[in-house]
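A.B. asks: Fold the following.
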Amino acid sequence: MTQVLNFVDGAEVPAAGSRTLDLTNPATGEIFGTSVLSEQSDVDAALEAAGRAFKVWRKSTPAQRQLALLKIADAVETRAEEFAELEIRETGKIRAVVLEEEIPECVSALRFFAGAARQLEGTASGEYLPGHSSAIRREPVGVCAQIAPWNYPLMMGVWKIAPALAAGNTVVLKPAETTPSTAVLLAKVAAEFLPQGAFNVLCGDRDTGRALVKHPITELVSITGSTRAGIDVATVAAADLKRTHLELGGNAPLLVFGDVNLAEAAEGIVGAAFYNAGQDCTAGSRVLVDAAIHDEFVTELTKAAAAQKPGADFGPLNSEAQFGRVRGLVERLPSHARVETGGTPAGDRGFFFSPTVISGLKQDDEIVQEEIFGPVITVQSFADEDESVRLANGVPYGLASSIWTHDLSRATRVSGELDFGCVWVNTHGPLVSEMPHGGFGHSGHGKDLSSYSFAEYTRVKHVMTRFA
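C.D. replies: Below you'll find the predicted structure:
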């Protein structure tokens, strides 16, 4: 049986207590190991190590931080197979997707933030008051507590630690309970190039995360997770006025207008909806389609969805709990809903769910209002452009959306009306390190990726000198 330990102050260490968490392979449903369950003393030790390292790392030059991140990126690239094995064991992801898409994105983000370390921005120094010279300093915040999700354990871990380290902060990262292994390996790889204690990993549960948020050493808290978890973090952090970065749930609308190529749009939407088994905050699961083409488009969408094969085109749901949640949403469908395809578990082992398309839904239906986080597409129709925007914006989330049309004027108008942090046109899902990722409303605040993310891990100081 595998046991995953913490990584604190430059070394793998057991937790102070003897409690553990089971690790399950979601593709088989079998327990293959455990991770340690960190308690308050473990939290204290990790944050104290990060605090000591901060005194050193904050004084490093941008060039030194850049070089360290570039070396970490090279090491991750070199050890891609090792990272992939751990990621696949704990998520059930498709091997080619991990090796050809997700790990290269991790490497790209590390290299981007290595460059960002040397691109500090601010108001130009100058004499804004006679006899006085002003300058802006952009400084690291301090020790950052970061909480990563289980849907992209390695990639979301990199999205957090890379800008934080690039800005001169130190980190204690808590991976999700079900997916700790790649975070620990990432810390081991990075330790060769960072001061001792600059990057620590604590395995544990919600109480471990809550203790990280509450701790007086923590200056900034970043979480990617559910809206419920984000509210919990924000509430605890507010008691000490800690800065928060919240990348939370999503319920992305895809607005399909009557001038599209139906088969082409259906293929694109199915790919966006079922990538990672729909376990993606930006998953294209909520389709809104022009009433004039509704029936024909549902036929195309159903055909494209039914062609997807669980285990070949996408992996399982991450846990028995998530499997039960998705199954429950489908089983509680109202009588006016129609399951066009799927709607049932797939296979006789693991947590696979069949690709599903559901039509005939209304705006206030549970499965429309709630984030599904599974391989399920809902379909609603709209009469005109105004209704399409009203339906799209009629959920609490505001992370991602897309418009499918060949009318540039319509795309420009509607993109301005959609209340989401990202709007794609004639595609859905691509991300690049240079552009920000983050939402509004119940999808939280703050940005991952891009210079906007780097800026969130800095504080701005004004220094004025009288020279008269």
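
A.B. asks: Strands along the stretch 101-250 of the chain, start to end?
C.D. replies: Along the stretch 101-250 of the chain, counting by DSSP state E, counting those that start in this stretch, strands occupy 126-129, 132-140, 143-147, 170-174, 199-201, 218-224, 243-247.

A.B. asks: how about those in JSON lines, adding distance to Ala307 and mean pLDDT?
C.D. replies: The way it works is simple: take the backbone N, C-alpha and C, and place the C-beta from them, glycine included. Output for the strands of the stretch 101-250 of the chain, formatted as JSON lines (distance: least, Cβ to Cβ, whole Å; pLDDT from 0 to 100):
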{"stretch": "strand 126-129", "distance to Ala307": "62", "mean pLDDT": "95"}
{"stretch": "strand 132-140", "distance to Ala307": "49", "mean pLDDT": "96"}
{"stretch": "strand 143-147", "distance to Ala307": "37", "mean pLDDT": "98"}
{"stretch": "strand 170-174", "distance to Ala307": "38", "mean pLDDT": "98"}
{"stretch": "strand 199-201", "distance to Ala307": "40", "mean pLDDT": "98"}
{"stretch": "strand 218-224", "distance to Ala307": "31", "mean pLDDT": "98"}
{"stretch": "strand 243-247", "distance to Ala307": "32", "mean pLDDT": "97"}
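
A.B. asks: ranges for the helices of the stretch 351-468 of the chain?
C.D. replies: In the stretch 351-468 of the chain, the segments counted as helices under DSSP state H, counting those that start in this stretch are 366-369, 385-393, 408-417, 450-456.

A.B. asks: Let's have the strands of the stretch 101-250 of the chain in TSV, adding distance to His442 and mean neighbour count.
C.D. replies: Converted to TSV, these look like this (distance: least, Cβ to Cβ, whole Å; neighbours: other Cβ atoms under 10 Å):
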stretch	distance to His442	mean neighbour count
strand 126-129	40	11
strand 132-140	30	15
strand 143-147	17	28
strand 170-174	22	29
strand 199-201	28	29
strand 218-224	14	24
strand 243-247	10	22
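
A.B. asks: For Leu288, find the nearest of these.
C.D. replies: With Cβ to Cβ as the measure, strand 243-247 is the member of these nearest Leu288 (24.1 Å).

A.B. asks: Run through who's touching that closest one.
C.D. replies: Contact with strand 243-247 is made by 141, 219-225, 230, 233-234, 237, 281, 437-439, 443-446, 448, 456, as judged by Cβ atoms under 8 Å, 6 or more residues apart in numbering.

A.B. asks: redo that, cut-off 7 Å
C.D. replies: 141, 219-224, 230, 233-234, 237, 438, 444-446, 448, 456 (Cβ atoms under 7 Å, 6 or more residues apart in numbering).

A.B. asks: one step back: could I get the helices of the stretch 351-468 of the chain in a markdown table, plus columns for mean pLDDT?
C.D. replies: Shown next, in a markdown table, are the helices of the stretch 351-468 of the chain (pLDDT from 0 to 100):
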| stretch | mean pLDDT |
| --- | --- |
| helix 366-369 | 98 |
| helix 385-393 | 98 |
| helix 408-417 | 98 |
| helix 450-456 | 96 |
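
A.B. asks: Of those helices, which stretch is the most buried?
C.D. replies: Mean neighbours per residue, mean count of other Cβ atoms under 10 Å, is largest over these for helix 450-456, with a mean of 21.

A.B. asks: what helices or strands is that helix leaning on?
C.D. replies: helix 103-116, helix 153-166 (3 or more Cβ pairs under 7 Å, 6 or more residues apart in numbering; DSSP states H and E).

A.B. asks: need those in TSV with mean neighbour count and mean pLDDT, can you?
C.D. replies: As requested, the helices and strands packed on helix 450-456 are exported to TSV (neighbours: other Cβ atoms under 10 Å; pLDDT from 0 to 100):
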stretch	mean neighbour count	mean pLDDT
helix 103-116	22	98
helix 153-166	27	98
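
A.B. asks: about what we covered before: compare the helices of the stretch 351-468 of the chain and give me the one nearest Ser108.
C.D. replies: Between the helices of the stretch 351-468 of the chain, helix 450-456 lies closest to Ser108; by Cβ to Cβ that is 12.2 Å.

A.B. asks: Need the residues that contact the closest one.
C.D. replies: Phe113, Ala116, Gln119, Pro163, Ala166, Ala167, His245, Glu434, Met435, Pro436, Gly446, Lys447.

A.B. asks: give me that answer again for 6 Å
C.D. replies: The contact list for helix 450-456 (Cβ atoms under 6 Å, 6 or more residues apart in numbering) reads Ala116, Pro163, His245, Glu434, Met435, Pro436, Gly446, Lys447.

A.B. asks: now swap in stretch 370-381 and tell me
C.D. replies: Here stretch 370-381 has contacts from 249, 251, 273-274, 277-279, 285-289, 291, 294, 298, 326, 353, 355-359, 361, 367-368, using Cβ under 6 Å, 6+ apart.

A.B. asks: separation between the residue nearest to Asp44 when sequence neighbours are not counted and Asp232?
C.D. replies: Distance criterion Cβ to Cβ, 6 or more residues apart in numbering; nearest residue to Asp44, sequence neighbours excluded, is His215 at 7.4 Å. Distance from His215 to Asp232, counting by Cβ to Cβ, to the nearest Å: 15 Å.

A.B. asks: between those two, who's got more neighbours?
C.D. replies: Neighbours of His215 and Asp232, each counted by other Cβ atoms under 10 Å, are more numerous for His215; the result is 21 against 17.

A.B. asks: With distance to Ala75 added, can I get the helices and strands packed on helix 450-456 in JSON lines?
C.D. replies: Shown next, in JSON lines, are the helices and strands packed on helix 450-456 (distance: least, Cβ to Cβ, whole Å):
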{"stretch": "helix 103-116", "distance to Ala75": "10"}
{"stretch": "helix 153-166", "distance to Ala75": "12"}
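
A.B. asks: For stretch 304-315, buried residues please.
C.D. replies: Within stretch 304-315, the residues that count as buried by 16 or more other Cβ atoms under 10 Å are Ala304, Ala305, Ala306, Gln308, Pro310, Asp313, Phe314, Gly315.

A.B. asks: Please apply the same query to stretch 316-327.
C.D. replies: Pro316, Leu317, Asn318, Ser319, Gln322, Phe323, Arg325, Val326, Arg327.

A.B. asks: Let me have these in a markdown table, extended by distance to Ala124.
C.D. replies: Converted to a markdown table, the buried residues of stretch 316-327 look like this (distance: Cβ to Cβ, whole Å):
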| residue | distance to Ala124 |
| --- | --- |
| Pro316 | 53 |
| Leu317 | 51 |
| Asn318 | 48 |
| Ser319 | 51 |
| Gln322 | 50 |
| Phe323 | 55 |
| Arg325 | 52 |
| Val326 | 52 |
| Arg327 | 58 |
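
A.B. asks: Which ones among the residues you listed lie within strands?
C.D. replies: Using DSSP state E, no member of those falls within strands.

A.B. asks: Going by distance to His406, which of the residues you listed wins?
C.D. replies: Val326 (33.8 Å).
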